[in-house]
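# Structure here, sequence nowhere to be found:
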């Protein structure tokens, strides 16, 4: 029996795609049923899916499919509500969540480096921002919060979190809150952290930080 599909070696895949398009007037992607297309797209990461959308009009349509972005969101992040329906679609929700997770990572990087100028840029300059440190001290207002971070960075025994786990982000109408567990050392009980962000003029700022130790029974013995 003659081979119907040649082996895709040495550029064979591209040649096959060109041949199919020439014979049928449609690309290989158009020949796939939606289920197979979605399965193929599920293997792409965020940058790859964005690049795919810029190749041509067909790929833009395929890569902008809401189901593709929903699948990518479920792969990269934890969805706490199965009934969640983003008002602007999953692509916009994924992009916003990615931005929040990145700025949250930046928060802990700044903490480890003890950079007060960088921390000052991260917070919204407003009198309603609040900060609750692990020592149970609380501060309200931008100036007071910045003073608290200055004191924190000057302490020799200040915690430097090396591992952040169980990150959960939720975004609603220009506000995002992120919960997570932060570890100084993996053999020690983590701290519970909540960061709240607000979107102002296209940029996310932290407006609330709360941290409290989690007491794990039996972690240090009876």
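Thanks, I have it. Nothing here was measured: the structure is a model prediction, and the numbers come from that model.

# OK, contacts around the residue nearest to residue 89 when sequence neighbours are not counted?
Residue nearest to residue 89 in three dimensions, not counting chain neighbours: residue 66, with 5.3 Å by C-beta to C-beta, 6 or more residues apart in numbering. C-beta: built from backbone N, CA, C; applies to glycine. By C-beta atoms under 8 Å, 6 or more residues apart in numbering, the contact set of residue 66 is 89-91.

# ok, now residue 103?
Per C-beta under 8 Å, 6+ apart, neighbours of residue 103: 122, 197, 204, 206.

# can you check residue 146 too?
Per C-beta under 8 Å, 6+ apart, neighbours of residue 146: 116, 119-120, 123.

# State whether it is indeed within a helix.
Yes. Residue 146: assigned to a helix according to DSSP: H, G, I helix; E, B strand; the rest coil.

# what's the distance between it and residue 179?
For residue 146, the distance to residue 179 equals 24 Å [C-beta to C-beta, to the nearest Å].

# okay, now residue 160: neighbour count?
11 (other C-beta atoms under 10 Å).

# Leaving aside the residues adjacent along the chain, what's closest to it?
residue 112 (5.0 Å).

# Go ahead and list the helix or strand containing residue 71.
In this structure, residue 71 sits in helix 66-76 according to DSSP states H and E.

# Flag every buried residue along that helix.
68-73 (16 or more other C-beta atoms under 10 Å).

# in the protein, which spans are strands?
Secondary structure of the chain (DSSP state E): strands located at 130-132, 138-140, 163-172, 175-183, 191-200, 203-213.

# quick check, nearest of the contacts of residue 146 to residue 175?
residue 123 (15.1 Å; C-beta to C-beta).

# tally of neighbours for that closest one?
Residue 123 has 19 nearby residues by other C-beta under 10 Å.

# Residue 134 now?
If we define neighbours as other C-beta under 10 Å, then residue 134 has 16 of them.

# ditto for residue 149
Using other C-beta under 10 Å: residue 149 sits among 22 other residues.

# my read: it touches residue 117, true?
No. Using C-beta atoms under 8 Å, residue 149 makes no contact with residue 117, being 10.6 Å away.

# So, low pLDDT: which residues of the protein?
Regions of the chain meeting the criterion pLDDT under 70 cover residues 1-47, 49-50, 52-54, 56-60, 62-63, 80-82, 158, 186-187, 214-222.

# All good on my end, thank you.
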